[in-house]
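A.B. asks: Fold the stuff below for me.
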Amino acid sequence: MTAPDLTPDAQALADVHAQAFSLPAPWSTQDFAGFLQDRTCFLEWTGTPDGKIAGFALFRLVADEAEVLTLAVLPKMQRRGIASALLRKGMRQLQARRAQTCFLEVASTNHAARSLYDRAGFVQTGLRKGYYTPATGGNALDALVLRIDLGGA
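C.D. replies: Numbers count the residues shown, from 1 in each chain. Now for the predicted structure:
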């Protein structure tokens, strides 16, 4: 249930992100405030029956190249198709805005997200060694760089 006239605030996005992520480290309220003010970014989100955010996907589009900046779903709402729906909706928006390609990075150990992106048609195009540093310490993890051709123009 997305309400087009209501946009979640930066604090609400940061709260969901913090519940959904430990690696990479969750983004701050200030991070999200910046993205919400950035004209190259747009947000797809869905709510819970009680009006809170269940999940969101944040995209950036510059010229004809897009990026999935982050996609987060509350742990208690996962495995219900929310992430897939948010990704599909965002991809349709990107195509409508004539994006040709979309990229993202995903932790090599995030098997659920990798499966989601595989099903959506993303393919690996690169590897960023040691890209993610755990907030709690430990060894840095590699990120897979994924790409999809949107054929938007």
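A.B. asks: from here on, contacts and neighbour counts on C-alpha atoms
C.D. replies: Noted.
A.B. asks: what about residue 137, neighbour count?
C.D. replies: When neighbours are counted by other C-alpha atoms under 10 Å, residue 137 registers 7.
A.B. asks: ugh, wrong one, I meant residue 101
C.D. replies: 19.
A.B. asks: same check, this time on the one 5 residues further on
C.D. replies: Counted with other C-alpha under 10 Å, the neighbours of residue 106 add up to 22.
A.B. asks: Remind me which helix or strand it belongs to.
C.D. replies: strand 101-107 (DSSP states H and E).
A.B. asks: Off-centre distance for the helix or strand just after that strand?
C.D. replies: Going down the chain from strand 101-107, the next helix or strand is helix 111-120, by DSSP H and E. Relative to its chain's centre, helix 111-120 lies at 12 Å (C-alpha atoms, centre = their mean, to the nearest Å).
A.B. asks: Not counting its own residues, what contacts helix 111-120?
C.D. replies: Residues from elsewhere that reach helix 111-120 (C-alpha atoms under 8 Å, 6 or more residues apart in numbering): 83-84, 88, 106, 108.
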